[in-house]
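coordinates only, sequence not included:
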């Protein structure tokens, strides 16, 4: 019930953006994320798990001016629920190492967005990274890929080696690119 209420309030109060999704796909993503969290933390309070799932699925896609409104909505629906900070120490170190390796500047905002990309990948089976030209989209993907590969090599966080293959979307049909039912 709280998921539907959250999305209803978001659709009424937040700005209108093409990439904001408050439909059944979003509800399913939250339920999937909540289920994964429940399996990972079976003793944790369900309100904490649900709020964390809602945040994990939504925070990365909201524009900066919508974040305070979203946080207000969730704090009203989950009064007194404080989220524990996830332990991303190993991931943050691997991200910082890969930022240096790629000769990039380590900026807190870039670190935050890279971690949000990781959180989005964990809860979704597919995503698109969108933004202005030269805003760091490709760098965030490359840094995260290197960090996850390094974590696999060190046996941390149960991550896998990442291989990036770039294709020209104009060289294949839409059905080949996105898949289709035969």
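Right, received. Where do you want to start? Remember, predicted model here, so these are calculated numbers, not experimental data.

ok, now which ones touch residue 139?
Residue 139 is in contact with 102, 104, 110, counting by Cβ atoms under 8 Å, 6 or more residues apart in numbering. Yep, even glycine has a C-beta here, placed from its N, CA and C like the rest.

out of those, which are inside helices?
Using DSSP state H, the subset of those located in helices is residue 110.

Three-state assignment for residue 20, please.
coil (DSSP: H, G, I helix; E, B strand; the rest coil).

and it, how close does it get to residue 40?
From residue 20 across to residue 40, the span is 27 Å (Cβ to Cβ, to the nearest Å).

these two: which is more packed in?
More crowded of residue 20 and residue 40, by other Cβ atoms under 10 Å: residue 20, with 17 against 9.

isn't the more buried one up against residue 57?
No. The criterion here is Cβ atoms under 8 Å, and residue 20 misses it with residue 57 at 11.9 Å.

residues that sit against both of these two, list them.
With Cβ under 8 Å, 6+ apart, residue 20 and residue 57 have no common neighbours.

residue contacts, residue 125?
The neighbourhood of residue 125, defined by Cβ under 8 Å, 6+ apart, contains no residues.

all helices of this protein, in order?
Counting by DSSP H, one finds helices in the chain at the ranges 2-13, 24-40, 46-58, 67-77, 89-101, 108-123, 137-154, 174-178.

and the residue nearest the centre of the chain, what is it in contact with?
Centroid-nearest residue in the chain: residue 120, 2.0 Å away (criterion: Cα atoms, centre = their mean). Shown in contact with residue 120 (Cβ under 8 Å, 6+ apart): 56, 57, 60, 61, 127.

so where's this protein uncertain?
Scanning the chain for pLDDT under 70 picks out no residues.

quick check: the gap between residue 13 and residue 75.
13 Å.

ok, residues contacting stretch 151-163?
90, 91, 94, 144, 145, 146, 148, 149.

just flag the most distant two among these.
Using Cβ to Cβ, those span at most 15.8 Å, a distance reached by 90 and 145.

can you tell me how far the nearest residue to residue 141 once chain neighbours are set aside is from residue 110?
Closest residue to residue 141 apart from its sequence neighbours, by Cβ to Cβ, 6 or more residues apart in numbering: residue 129 at 6.5 Å. Remark: distance between residue 129 and residue 110 (Cβ to Cβ) = 13 Å.

in a markdown table: the contacts of stretch 151-163, plus neighbour count.
Below are the contacts of stretch 151-163 laid out as a markdown table (neighbours: other Cβ atoms under 10 Å):
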| residue | neighbour count |
| --- | --- |
| 90 | 15 |
| 91 | 22 |
| 94 | 25 |
| 144 | 21 |
| 145 | 15 |
| 146 | 19 |
| 148 | 22 |
| 149 | 17 |
